[in-house]
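In: next comes the sequence, and after it the predicted model I'd like to discuss.
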There are 2 protein chains.
Amino acid sequence: MQKNSFVPGRRVFLVSAGSVVGSKEKKGPLGSRFDFSGDDRFGKETWEKAEAEMQRLALGIALRKAELVDAELDLLFAGDLVNQCLPSVFGLRGYRIPLLSLFGACSTCAEGLLLGALAAGSTVRRAAAVTSSHFCTAERQFRMPVEYGGQRPPTAQWTATGAGAFILSSSLRDARRTDGDFVLEITEVMPGCVVDRGVTDAANMGAAMAPAAADTISRYAAGGGSLEDALVVTGDLGAEGSGILVDLLRAEGIDIGKNHRDCGLELFDPEKDDVHAGGSGCGCSAVVMASLFLDDMKKGLTGDILFVGTGALTNATASGQGESIPGVAHLVRFSPARRSDLREEGSQ
Amino acid sequence: MQKNSFVPGRRVFLVSAGSVVGSKEKKGPLGSRFDFSGDDRFGKETWEKAEAEMQRLALGIALRKAELVDAELDLLFAGDLVNQCLPSVFGLRGYRIPLLSLFGACSTCAEGLLLGALAAGSTVRRAAAVTSSHFCTAERQFRMPVEYGGQRPPTAQWTATGAGAFILSSSLRDARRTDGDFVLEITEVMPGCVVDRGVTDAANMGAAMAPAAADTISRYAAGGGSLEDALVVTGDLGAEGSGILVDLLRAEGIDIGKNHRDCGLELFDPEKDDVHAGGSGCGCSAVVMASLFLDDMKKGLTGDILFVGTGALTNATASGQGESIPGVAHLVRFSPARRSDLREEGSQ
């Protein structure tokens, strides 16, 4: 079995992250941690334009925190759930930065971070990864018109309204500008294979994605990757998918039960927020990673994190043609480094 | 002005390419050069499944030519024009290779080659880039039902039915297995910025994309990139966009007139094939590069090629909301190396 994990060719630092959310997410348990929030229109005429605006804002916030201007970034990786990634294109076209757009469904945040780390780990100095989702654009596109008020089964997840931006750099000088006692690095990445277990229920994305997450994590472990010293953070399996993942891995002799969190279960309150199996969407893992998990790591509250971004690969035409819903899961390992250790390495 | 071009961190070779086309493309001027052709269904029930099958076949052909099996590839970059890149996912899910899917509209072939070169130029040993388009899936998605028989204005392009796969490797041993007197390398890449000149005519993608191609080429030249010793191959501006590109560059003092070819103008016969302004779609540049241009380079018939893949970033919702159509263009520089020179460098 292939491991296919890659260590960046040189150190890659997370310089800053920006998070922008809608009103429901702001009212949730992580509300106080986000950088910016708005209503679900962000002053625009359409939901699609609102989603684009969230991407623009998230990158702007990340740039400001990093004390950089757009011309100092070499490359953007961006994506969302909308057909042809247009919120990314329209949201980021005002920045004069080369753009490579991606589609990995809800795994797109991890896909962007993975590619950003590969790029900054070789010849690209700085790259950013930006992703978003919006409840209303996703409903319009994948499910029913929002006005229809269709009932949602307990396995359904709630697409988060939010955008996250992450600035990666190979420069020690950039890394020193970050806040917190610890500087964050991406130390390993592993792209995932498409895994199709024949799930056809579009209201149960957790079941479609969990086998892909299990495949990536077990390939990582089989190749010698260390799980024991790291928190496994999936994004976004929700309650249904998280249970399946833990069971699938246990059957392979891997126990992540006590060491696993899921972005979809952190963003909303399962009792109060009426989101059924939890949050989803590539904005969900983006804003939860950008705020909760990476902030905690900067404060020294967590060790390594294996961020496993999961995506369900489907569209309305494929569902109508009776296709199953394959999943994919990409792994990004974040590691904290003491700021004082960084200083000792001299300047760049 | 930023150059933002990147030289791979180590030599990246094009080991093989596979091309699969539909019946109309097979009857065109390049028909005899393609590896495989079928009708527009490829034995499948739907056009979407046919497009997926073309991707599967193209990668299989490229693997066979490279004398590799799927487990020997580390990474796939793949994309197409369909919502959520599903032909790529369904076509390639049978291969057990990690998949990162991309959306760059018709620029996706160049985007995949660019990322493949960045990856193989750092810590990834081998990567493949696979892209496709299908006339009928694209019409269904971006324009009118095919059965409607809508009239097409002279500026409209014809989305090609085809898929191309390219295998890139950092291994000299792999490079030696390629056929031809010359071994091909990717020696430089430059991702493009999104350029929006306010074009809103969905039947004139050439006009939407040409400013992006001009932007990328002029940034490349301004940063010291050499145009004089290279053939500029755009994909796919068609007749309308090619004329605009030449004019835009001439206004900046750059004359590519005699040194420019366009994949969209090579695939079909402008007199016989009734394709108006020429071919388009990310399958068009993929199959024309995989057959005509890179084959000629392997025979020593051309020097360096600057492949500038162009994409028009739009969808049906954005058009309905009155949005303009931004363009993007990514540059990939192919250079031939004499096989005999390669041998002298010893084995890897």
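Out: Received, thanks.

In: so A:Phe182 sits against A:Met297, correct?
Out: Yes - applying CB atoms under 8 Å, one finds A:Phe182 in contact with A:Met297, separated by 6.3 Å. In this view, the C-beta of every residue, glycine as well, is placed from N, C-alpha and C.

In: hey, what's in contact with both of the two?
Out: Taking CB atoms under 8 Å, 6 or more residues apart in numbering or on different chains as the contact rule, the neighbours common to A:Phe182 and A:Met297 are A:Pro336.

In: how distant is the biggest strand by length in chain A from the center of its chain?
Out: The single longest strand within chain A, with elements called by DSSP state E, is strand A:327-338. Here the centre of strand A:327-338 is set off from its chain's centre by 10 Å, with CA atoms, centre = their mean, to the nearest Å.

In: buried residues in it?
Out: Neighbour-count burial for strand A:327-338 flags A:Gly327, A:Val328, A:Ala329, A:His330, A:Leu331, A:Val332, A:Arg333, A:Phe334, A:Ser335, A:Pro336, A:Ala337 (criterion: 16 or more other CB atoms under 10 Å in any protein chain shown).

In: again with stretch A:67-78
Out: For stretch A:67-78, a neighbour-count test (16+ other CB under 10 Å) marks A:Leu68, A:Asp70, A:Glu72, A:Leu73, A:Asp74, A:Leu75, A:Leu76, A:Phe77, A:Ala78 as buried.

In: now do the contacts for the fifth one.
Out: A:Asp74 makes contact with A:Ile97, A:Pro98, A:Ala119, A:Val124, A:Arg125, A:Arg126, A:Ala127, B:Gln2, B:Asn4, according to CB under 8 Å, 6+ apart.

In: what is the most widely separated pair among the residues you listed?
Out: Based on CB to CB, the longest span within the contacts of A:Asp74 runs between A:Ala119 and B:Gln2 and measures 15.1 Å.

In: of these two, who's got more company?
Out: A:Ala119 (28 against 17; other CB atoms under 10 Å in any protein chain shown).

In: downstream neighbour of the strand or helix carrying A:Ala58 in the secondary structure list?
Out: Applying DSSP states H and E as the criterion places A:Ala58 in helix A:47-66. Note on helix A:47-66: by DSSP H and E, the next helix or strand toward the C-terminus is strand A:75-79.

In: tilt between that next one and helix A:47-66?
Out: 140 degrees (axes from the mean of the first three to the mean of the last three CA atoms, to 10 degrees).

In: for the helix or strand just after strand A:75-79, name the packing helices and strands.
Out: Sequence order places helix A:86-92 as the next helix or strand after strand A:75-79, per DSSP H and E. Judged by 3 or more CB pairs under 8 Å, 6 or more residues apart in numbering or on different chains; DSSP states H and E, helix A:86-92 is in contact with helix A:47-66, strand A:75-79, strand A:99-102, strand A:126-133, helix B:316-320.

In: could you point out which element follows the fourth one?
Out: Moving toward the C-terminus from strand A:126-133, the first helix or strand encountered (DSSP H and E) is helix A:135-142.

In: mind putting the helices and strands packed on helix A:86-92 in TSV, mean pLDDT included?
Out: TSV is the format used below for the helices and strands packed on helix A:86-92 (pLDDT from 0 to 100):
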stretch	mean pLDDT
helix A:47-66	97
strand A:75-79	98
strand A:99-102	98
strand A:126-133	98
helix B:316-320	87
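
In: closest to A:Phe90 out of these?
Out: Across the helices and strands packed on helix A:86-92, A:Phe90 has its closest neighbour in helix A:47-66 (4.0 Å, CB to CB).

In: what residues sit buried inside the closest one?
Out: The neighbour-count check on helix A:47-66 (16+ other CB under 10 Å) flags A:47-63, A:65-66 as buried.

In: go on, stretch A:235-250?
Out: If you call a residue buried by 16+ other CB under 10 Å, then stretch A:235-250 has these buried ones: A:235-242, A:244-246, A:248-249.
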